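*Asks:* Provided below for reference: sequence and predicted model.
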There are 2 protein chains.
Amino acid sequence: MVAAPGGQGDNFAAAVRLRGFRRSVPAAIVKRGAGVPPGQHMTAEEFRRHGRDVVDWIADYLERVDDLPVLAQVEPGEVRAQLPVHPPEDAEPFDEILADVDRVIVPGLTHWQSPSFFAYFPANTSGPSILGELLSAGLGVQGMLWATSPACTELETLVLDWMIELLALPDRFRSDGAGGGVLQDSASSATLCALLAARERVTGGSGDLPAAQLVVYATAEAHSSVEKAARIAGLGSAAVHLIPVDDNHAMRPEALDAALAEDVGAGRTPCLVVATVGTTGSNAVDPVAAIAEITARHGAWLHVDAAMSGIAALCEELRWLHDGLDRADSYCVNPHKWMLTNFDCDCFYVADREPLVRALSVLPEYLRNVASDSGAVLDYRDWQVPLGRRFRALKLWFVIRHYGGSGLRRHVRDHVALAQELADWVRADRDWELAAPAPLNLVCLRHRDGDGVTQQVLERLNASGAAYLTHTRLQGRYVLRVAIGGATTRREHVQRLWHLLRDTADAVSAESDR
Amino acid sequence: MVAAPGGQGDNFAAAVRLRGFRRSVPAAIVKRGAGVPPGQHMTAEEFRRHGRDVVDWIADYLERVDDLPVLAQVEPGEVRAQLPVHPPEDAEPFDEILADVDRVIVPGLTHWQSPSFFAYFPANTSGPSILGELLSAGLGVQGMLWATSPACTELETLVLDWMIELLALPDRFRSDGAGGGVLQDSASSATLCALLAARERVTGGSGDLPAAQLVVYATAEAHSSVEKAARIAGLGSAAVHLIPVDDNHAMRPEALDAALAEDVGAGRTPCLVVATVGTTGSNAVDPVAAIAEITARHGAWLHVDAAMSGIAALCEELRWLHDGLDRADSYCVNPHKWMLTNFDCDCFYVADREPLVRALSVLPEYLRNVASDSGAVLDYRDWQVPLGRRFRALKLWFVIRHYGGSGLRRHVRDHVALAQELADWVRADRDWELAAPAPLNLVCLRHRDGDGVTQQVLERLNASGAAYLTHTRLQGRYVLRVAIGGATTRREHVQRLWHLLRDTADAVSAESDR
């Protein structure tokens, strides 16, 4: 038994001696290095070699991804048709597997890491994040309980408190009070957890209140996960009352107030209000402060979904986004969208963890342990839907340390500046117009000749592979969304996109004139 | 724009030419290599170097993990106390971050990859799996829709069909019929999805049926996720009716039949029956065939949870486990437990995907696309709680190809043989006894001198760090669980554990005799 790092080895050896254990098997044959691993495990040397190959492969990929068509140029079934129908009976060389990644997988990918990927939302990643995920996979530990790997829980709590400082979030979300943060896989899961905690609080966990009388409030621009959560939780889609928006697609607080009053009058119970800071469609920012006051007055739970845009609060000049957040019951933001951390990594905070844990805690005998019973630790399994959880905090820790607060801010400022420049170009153009304000890094635009042209431009541009955009509808109009947040997206990519949009529109118009 | 692999570059260039795009920006400055990345991104060369360091670190870790105390030897707060309270303002060198992993993180881990880890459930991983996860992080693509990366969806469908062949699962779960498989993060999420699909089918999605009248059936030995799912879905804990077990801790079908009849008589609606193939506590196998017949008669949904043990069906001689599975509505099994694939990787199958998708599909405008509208593709976002999903199929594909069916089977057979040998030692011992049958790779045992001794042995053994076990209670008695499934667990580790158990018990008894 050799000494382990951090002096553990000595303590361990001492503990074994103290307890009077005798080793019935000589240490030499217990050590893995001395035994022959079962034939087909990858040996340590093979792992080093193939691992290096995969690392190099990724480095090469990220260098050449700008040369690949952004949107996959394949038909349904085309990828699968190139792969064997049946699983292999015998082992295959790793090099062949990696060659198939090049041959079959890469042509079937839509390249989210391309600097010309402007679709959906940014999903930027980075070297330190990728290596954090690698390390997490290599350690292979479970963080479902504090006891199942204390460092997994404690590092997570720490980096979530760090995020509070970095984003200047309210102290009530800190883990040293009644609240706390946890990593979820996605904002969808955070929304569901917020609803479950809200339901627990409003019903006292009694289950006596029929689900049909609980109401959830959001705008039609809120994320689809709000309706999905209402369905999952058994409230049903009809329990989601859509609050009208203003001209900027943001929630109208007076309409929320009226809806809440009407429901209370009708004997229904306001359960959850979801305010969105940066909607998916158009980056609209619901007025959280006004919403918080109204929500509190009716005793409902306020969840603020800043999944896509909350990262902007790294920068002091953009923290107006979070005005009023100090009265929210829960909040989420996704480093896996805009903070150089690969999916999945959603930071979910609650001001009071008690209703969340009460809603989700089930304690079978086989999970009982001294640390949990003591109440001195957090067991994150009780903060989420799944039981198991991997060591996701590592990658976020790596990212924050690799960039530092200053590096992270600069990166956000770059993207916002690029989006603002694009918005200026659109404003100055005679053929295109902005379809919504562009407060951050999302620009919504449409062609002045109408939805048909706008849609054709999108389809042609995406089919070409030169860039990738997605669309939405705002007030019934077909709108292109340009989400700027790729790790390697630079001015020239945005400039090229703008040229492509204009050229494609010209081509579409010329054809329709013929 | 250089040619991409697989001839894409040519097609792409042709597409650009055909569409008449002109590049407004010279290709040279579009290429990432030619620009200077924002200061603090890790450069490709740095990534290669640090990536190699992390790969080597993992190889070293897996070679030395047998020398580390299995259970973390830290007190609550000890890990966090060694880390800075505030996030860094400035970037830190990667080497320092990795050094902190050694200094702070490793001593705070419970080492699930230790060959002397026998607690909870196996969570074995392997070189190809770790590298598959690495590649997934490096690609950074989203698989929420087929269109967001077709290869991500199609490879997932393929490997899930492969798993059907490898485990000889019923063809009704294949994706080329009405059913299909999907990767979930965990069996907990699979159970929730099964409940949501069951609720959708039994209520016709109407929401008219009060949740309080829906009933879920399982034994007290079923996984805690059954109760958790019932709570999340709004049915409440009281909706879970616990069916009595036989002497082997398996469900008594006649008791299920009686419970269903009673509930129907009382106006309640049987919604979901969960049969467990290999319970967490004792590896009990519910009689699926008898349960399936009864469940079908009452129109309820049968979910078979084989999370921990279904992998045994790789081996023909162990396929009795799945007798009757051809009548189940859904099924799950976890390669991340016992098939050398790192967490998270749960295979979830449904015989009819329609109620599942109907329960979980919400389609906002910004996710609409031609492929989805055509109905020719699967969009896995509609098969799970979250919207986003990473490319998890890669690691499972890597594992299956690296080992082949034959390699995977041998590994399962080794673990089962080791567990059977341990069970024989226990049977032959005068101080210890088996607490349950040991059909596969889990051995439940207790000391004949009673719960006090058994519990003390567990606590001392775990505190020593020499091995790690967890406990459960069976019929009120305190029982040690020995789950054998580590990737590098060999006969000598099990033998050493057995010696440690006996020696520790002797020490405990000697002390109490004084």
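*Replies:* Okay, I see it.

*Asks:* where does the stretch 1-150 of chain A have low pLDDT?
*Replies:* Applying pLDDT under 70 to the stretch 1-150 of chain A picks out residues A:1-39.

*Asks:* Now do the contacts for A:L314.
*Replies:* Listed by Cβ atoms under 8 Å, 6 or more residues apart in numbering or on different chains, the contact set of A:L314 reads A:L166, A:L167, A:M339, A:G405, A:L408, A:R409, A:V412. From N, CA and C alone the C-beta is placed, and that goes for glycine too.

*Asks:* Which stretches in chain A count as strands?
*Replies:* Along chain A, counting by DSSP state E, strands occupy A:180-184, A:214-219, A:240-243, A:269-276, A:301-305, A:330-333, A:346-350, A:432-434, A:442-447, A:470-474, A:477-483.

*Asks:* which parts of the stretch 201-350 of chain A sit against chain B?
*Replies:* A:207, A:210-212, A:223-225, A:227-228, A:231-238, A:280-281, A:336, A:342-344 (Cβ under 8 Å from any Cβ of the partner chain).

*Asks:* which of the residues you listed count as buried?
*Replies:* A:207, A:211-212, A:223-225, A:227-228, A:231-236, A:280-281, A:336, A:342-344 (16 or more other Cβ atoms under 10 Å in any protein chain shown).

*Asks:* Quick one: check the helix ranked longest in chain A for contact with chain B.
*Replies:* Secondary structure assigned by DSSP state H gives helix A:393-427 as the longest helix of chain A. Yes: using Cβ under 8 Å from any Cβ, we find that helix A:393-427 touches chain B at A:394, A:397-398, A:400-407, A:410-411, A:414.

*Asks:* That helix - contacts with which helices or strands?
*Replies:* If you count contacts as 3 or more Cβ pairs under 8 Å, 6 or more residues apart in numbering or on different chains; DSSP states H and E, helix A:393-427 packs onto helix A:127-139, helix A:150-167, helix A:335-338, strand A:432-434, strand A:442-447, helix A:491-513, helix B:94-100.

*Asks:* now with 6 Å?
*Replies:* Judged by 3 or more Cβ pairs under 6 Å, 6 or more residues apart in numbering or on different chains; DSSP states H and E, helix A:393-427 is in contact with helix A:127-139, helix A:150-167, strand A:442-447, helix A:491-513.

*Asks:* Tell me what angle the last one forms with helix A:393-427.
*Replies:* What it means is helix A:491-513. 50 degrees (axes from the mean of the first three to the mean of the last three Cα atoms, to 10 degrees).

*Asks:* Buried residues in helix A:491-513, which are they?
*Replies:* Buried residues in helix A:491-513 (16+ other Cβ under 10 Å): A:492-498, A:500-505, A:507-509.

*Asks:* Against B:P150, how distant is A:R80?
*Replies:* Distance, A:R80 to B:P150, using Cβ to Cβ, to the nearest Å: 9 Å.

*Asks:* Contact partners for A:K228?
*Replies:* B:V362 (Cβ atoms under 6 Å, 6 or more residues apart in numbering or on different chains).

*Asks:* Apply 10 Å and report the result again.
*Replies:* By Cβ atoms under 10 Å, 6 or more residues apart in numbering or on different chains, the contact set of A:K228 is A:188, A:191-192, A:195, A:237, A:240, B:359-362, B:381-382, B:385-387.

*Asks:* For chain A, give me the ranges with low pLDDT.
*Replies:* For chain A (pLDDT under 70), the answer is A:1-39, A:206-212, A:514.

*Asks:* Walk me through the domains of it.
*Replies:* A:1-35, A:41-67+A:72-109, A:141-389, A:406-513 (automatic domain parsing).

*Asks:* Need the winner for burial among these.
*Replies:* domain A:141-389 (a mean of 22; mean count of other Cβ atoms under 10 Å in any protein chain shown).

*Asks:* Run the chain-centre distance for it.
*Replies:* 13 Å (Cα atoms, centre = their mean, to the nearest Å).

*Asks:* same check, this time on stretch A:420-427
*Replies:* 28 Å.

*Asks:* Same list, the strands of chain A, but as a markdown table with distance to A:G127 please.
*Replies:* Formatted as a markdown table, the strands of chain A follow (distance: least, Cβ to Cβ, whole Å):
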| stretch | distance to A:G127 |
| --- | --- |
| strand A:180-184 | 20 |
| strand A:214-219 | 37 |
| strand A:240-243 | 41 |
| strand A:269-276 | 31 |
| strand A:301-305 | 29 |
| strand A:330-333 | 22 |
| strand A:346-350 | 21 |
| strand A:432-434 | 35 |
| strand A:442-447 | 26 |
| strand A:470-474 | 27 |
| strand A:477-483 | 22 |
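
*Asks:* Looking at those, spot the one closest to A:L62.
*Replies:* With Cβ to Cβ as the measure, strand A:477-483 is the member of the strands of chain A nearest A:L62 (19.3 Å).

*Asks:* Now do the closest one against helix A:491-513, angle only.
*Replies:* Going by the same axes, to 10 degrees, strand A:477-483 makes 160 degrees with helix A:491-513.

*Asks:* So which elements touch strand A:477-483?
*Replies:* helix A:393-427, strand A:442-447, helix A:451-464, strand A:470-474, helix A:491-513 (3 or more Cβ pairs under 10 Å, 6 or more residues apart in numbering or on different chains; DSSP states H and E).

*Asks:* Partner strands of it, with direction?
*Replies:* Here strand A:477-483 is paired, per DSSP bridges, with strand A:442-447 (antiparallel), strand A:470-474 (antiparallel).

*Asks:* Figure out which of those is closest to B:A250.
*Replies:* strand A:470-474 (50.5 Å).

*Asks:* So A:F348 is in contact with A:D329, correct?
*Replies:* No: in this structure A:F348 lies outside contact range of A:D329 using Cβ atoms under 10 Å: 11.7 Å.

*Asks:* anything in contact with each of these two?
*Replies:* Joint contacts of A:F348 and A:D329 (Cβ under 10 Å, 6+ apart) are A:F173, A:A194, A:H303, A:L356.

*Asks:* Nearest residue to the third one in space, please, no chain neighbours.
*Replies:* I take that to be A:H303. A:A194 (3.8 Å; Cβ to Cβ, 6 or more residues apart in numbering or on different chains).

*Asks:* if I look at that neighbour, how far off is A:P355?
*Replies:* 10 Å.

*Asks:* Now the common contact residues for those two.
*Replies:* A:W301, A:D329, A:S330.

*Asks:* got CSV for the residues you listed, with distance to A:A259 too?
*Replies:* Listed next are the shared contacts of A:A194 and A:P355 as CSV, based on distance: Cβ to Cβ, whole Å:
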residue, distance to A:A259
A:W301, 16
A:D329, 19
A:S330, 20
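
*Asks:* ok, now which ones touch the residue nearest to A:A284 when sequence neighbours are not counted?
*Replies:* Taking Cβ to Cβ, 6+ apart, and ignoring the residues beside it in sequence, A:A284 has A:H249 as its nearest neighbour in space, at 3.8 Å. When contacts are counted by Cβ under 10 Å, 6+ apart, A:H249 touches A:219-221, A:276, A:279, A:281-286, A:435-437, A:444, A:472, A:474-475.

*Asks:* one more time with 7 Å, if that's ok
*Replies:* A:E221, A:T279, A:S282, A:A284, A:A436, A:L474 (Cβ atoms under 7 Å, 6 or more residues apart in numbering or on different chains).

*Asks:* So what does it have for phi and psi?
*Replies:* Reported as degrees, to the nearest 10, the phi and psi values for A:H249 are phi 70, psi 20.

*Asks:* Just the residues contacting stretch A:466-478, thanks.
*Replies:* A:70-71, A:110, A:116-120, A:249, A:281-282, A:435-436, A:444, A:446, A:451, A:454-455, A:458, A:461-462, A:479-482, A:497, A:500, B:16, B:21, B:365-366.
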